[in-house]
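A.B. asks: just a sequence and a predicted model for now, questions to come.
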Amino acid sequence: SSVSPQSPKKQITLRTSDPSSKKWAELSGGQKVVRTASTGLNAATILVGMAVTGAILTFVYLEVVAPNSVTNWFNRAHDRVKKDPRCVQLLGGGTIKAYGEATWNRWARNRPIAASVTTDRYGVEHLRIHFNVEGDLDKGVVNLHLIKKPGQGEYEYKYLFLDIAGRTRVYLENADDTQQYGENSKRGFLGVKW
């Protein structure tokens, strides 16, 4: 009978001299410095991670989810264009795509939305958004101008319109027209109500 050699069994041993397992009172001065530095570095790493996570969540909220974000207003305007029968008639009844400005990147989804926020001398904030729409029949450009007066919480429409080359501009919102003629009044002949 042949005897197979037995492999030596590996044993796990705990070092009792490890400074991390000792109580604070048992540590030497140098070990206390090392443990304090190690704990401080770990705490700083956790705090930096929490700060970065908070900054990312804040950025995502302000840029995408917040009611006054450019992305939110872009989506609202796109929905308005898709639901307006005049726009659907001009662009086509199928899917109406919306996208930002053309860049060197070929991905249609990676096109930035042209937007600017300015404040005039009266403290009124102006948000202007410009984007492209494309349907089965034609394509066009949507312009959106929103204003927020001092003390107001949310923007209100100044204008929202669709321009298609060779066609009449389609206004979905026009505050200048409503202020000049009133919301429910009819214009009459040559701007004079007879």
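C.D. replies: Received it, and whenever you're ready, just let me know what you need.

A.B. asks: mind checking the end-to-end distance for stretch 76-92?
C.D. replies: Start-to-end span of stretch 76-92 (Cα to Cα, to the nearest Å) is 19 Å.

A.B. asks: and the strands in this protein, which stretches?
C.D. replies: Ranges of strands in the chain, per DSSP state E, are 97-99, 114-119, 125-134, 139-148, 156-163, 170-174.

A.B. asks: between strand 139-148 and the last one, find me the angle.
C.D. replies: Put simply, strand 170-174 runs at 0 degrees to strand 139-148, going by axes from the mean of the first three to the mean of the last three Cα atoms, to 10 degrees.

A.B. asks: quick one: buried residues of strand 170-174?
C.D. replies: Val170, Leu172, Glu173, Asn174 (16 or more other Cβ atoms under 10 Å). For glycine as for every other residue, the C-beta is placed from the backbone atoms N, C-alpha and C.

A.B. asks: rebuild the strands of the chain as CSV, extending it with mean pLDDT and distance to Ile56.
C.D. replies: What follows is the strands of the chain, written out as CSV (pLDDT from 0 to 100; distance: least, Cβ to Cβ, whole Å):
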stretch, mean pLDDT, distance to Ile56
strand 97-99, 91, 25
strand 114-119, 91, 21
strand 125-134, 93, 24
strand 139-148, 94, 26
strand 156-163, 94, 31
strand 170-174, 92, 34
